[in-house]
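> fold the following.
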Amino acid sequence: MKISFSQFSILLALLLITGCNTASETGKSEDSGIHVIFDTDANNELDDQHALAYLLLNKDVFDVIGITVNATYNGGDIDEHMKEAQRVVDLVGWNSRVAVIKGANGDFREIEGQVKQSDFDGHEAVDFIINEAMKKRKEPLVLLPVGKLTNVALALKKKPAIAKRIRIVWLGSNYPEPGEYNQDNDTASMNYVLQTEAPFEMVTVRYGAESGTGAVKAKRQNIYIRMPGIGPVVDTPVTGRHGGTFTCFGDYSVDLFRHTDPSVKGCFRSLYDMAAVAIVKDPTWATAIEIPCPALINNAWVEQPDNPRTILVWENFKKELIIEDLYKTLESSH
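A predicted model of the protein is given here:
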């Protein structure tokens, strides 16, 4: 069925908030934007970096509370993912405005039994999520995880009360098909989150299909033409993960694309994670359907039509509008 009236009302309210930003950069009001914590495995490939830069530079839409980091199979351990997230923050001139916070290096099942302790793998990010979620806000705090769901699941495990104070918008899953990188990195964390009461939205990936974020692709040649020199220019050069130094994100984007193998990835490259940010910015850029929450059993989705818990599934992304908005956001932020 279509998105429910109550969920549509939430989305409409969020859109209205974005049009009422009259606060200054240094003293944002409660209604200054959509309050977001971005949760990322930043060093995995190149879509996280574009999503993060896009999020931060949409400062009239989003109030980014913090950036929490986790580690997935690719990109090294948690410290490497921390470094890459910090590079992007530095390149858009936000190093004094938002913190990058270390999250889980391991998986949910390895850590869940330790969450009552003061010190465990990922405790900095987990405690940060909890503390921010428990603050009084007019709208739920948006958690925007674009990697595995470990940090979010651990926060819900440690403090179940946050479920009623957050909105989770997760980039992941090929639903209704099995598999997908973020999902497979920590299936237990996803299943745990699905069993809570937290509002949950699945921004589908669907490799090779036109209906998922896999279809939100940047043309490599367009990146090389439009990205050079765009974005805020910073005074202190930032060393990239492949070497070299950069003073704006546009130049770093080009370098990231040049270090992907075109014979493997072709002329286009999916910017999955950026699409998740885009549909929070403008929900009309995709279609949301409400379904009874399914379960993933033995790596296969099992429908539960009588489940009173429902989730939103996002699909059919307006890829041209989303990619063009990336370019325009960077071009207007010199």
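> show me the strands in the stretch 51-200 of the chain, by range?
Taking DSSP state E, counting those that start in this stretch as the test, the strands found in the stretch 51-200 of the chain are 62-69, 100-102, 141-145, 166-171, 200-203.
> let me have those in TSV, extended by mean neighbour count, mean pLDDT and distance to residue 334.
For glycine as for every other residue, the C-beta is placed from the backbone atoms N, C-alpha and C. Converted to TSV, the strands of the stretch 51-200 of the chain look like this (neighbours: other CB atoms under 10 Å; pLDDT from 0 to 100; distance: least, CB to CB, whole Å):
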stretch	mean neighbour count	mean pLDDT	distance to residue 334
strand 62-69	24	98	19
strand 100-102	23	98	24
strand 141-145	26	98	26
strand 166-171	24	98	28
strand 200-203	25	98	30
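> as CSV, the ones you listed with distance to residue 255 would be great.
Shown next, in CSV, are these (distance: least, CB to CB, whole Å):
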stretch, distance to residue 255
strand 62-69, 21
strand 100-102, 20
strand 141-145, 25
strand 166-171, 23
strand 200-203, 27
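> give me the low-pLDDT residue ranges for the chain?
By pLDDT under 70, the low-scoring segments of the chain are 1-31, 262-266.
> hmm, try it at 90
1-32, 260-267, 334 (pLDDT under 90).
> and the helices in it, which stretches?
Counting by DSSP state H, the chain has helices at residues 5-18, 47-57, 78-91, 108-111, 123-133, 150-158, 181-185, 187-194, 220-226, 249-258, 262-265, 272-281, 319-331.
> need the contact list for residue 75.
By CB atoms under 8 Å, 6 or more residues apart in numbering, the contact set of residue 75 is 41, 42, 43, 44, 45, 81, 84.
> let's see it at 7 Å
Going by CB atoms under 7 Å, 6 or more residues apart in numbering, residue 75 touches 41, 43, 44, 81.
> tell me, how many residues neighbour the last one?
A count of nearby residues for residue 81, using other CB atoms under 10 Å, gives 27.
> residue 311 reaches residue 198, doesn't it?
No: judged on CB atoms under 7 Å, residue 311 makes no contact with residue 198 at a distance of 9.8 Å.
> could I get the helices of the chain as JSON lines with distance to residue 98?
What follows is these, written out as JSON lines (distance: least, CB to CB, whole Å):
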{"stretch": "helix 5-18", "distance to residue 98": "18"}
{"stretch": "helix 47-57", "distance to residue 98": "7"}
{"stretch": "helix 78-91", "distance to residue 98": "6"}
{"stretch": "helix 108-111", "distance to residue 98": "25"}
{"stretch": "helix 123-133", "distance to residue 98": "12"}
{"stretch": "helix 150-158", "distance to residue 98": "16"}
{"stretch": "helix 181-185", "distance to residue 98": "23"}
{"stretch": "helix 187-194", "distance to residue 98": "24"}
{"stretch": "helix 220-226", "distance to residue 98": "25"}
{"stretch": "helix 249-258", "distance to residue 98": "15"}
{"stretch": "helix 262-265", "distance to residue 98": "30"}
{"stretch": "helix 272-281", "distance to residue 98": "15"}
{"stretch": "helix 319-331", "distance to residue 98": "17"}
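> for those, which one sits closest to residue 234?
Closest of these to residue 234 is helix 78-91, at 6.3 Å (criterion: CB to CB).
> ok, and what's touching that closest one?
Defining contact as CB under 7 Å, 6+ apart, one finds that helix 78-91 is touched by 40-43, 49, 52-53, 67, 69-71, 75, 95, 98, 100, 102, 105, 234, 238, 240-241, 246, 248-249, 252.
> that helix vs strand 62-69, what angle?
Interaxial angle of helix 78-91 relative to strand 62-69 (axes from the mean of the first three to the mean of the last three CA atoms, to 10 degrees): 150 degrees.
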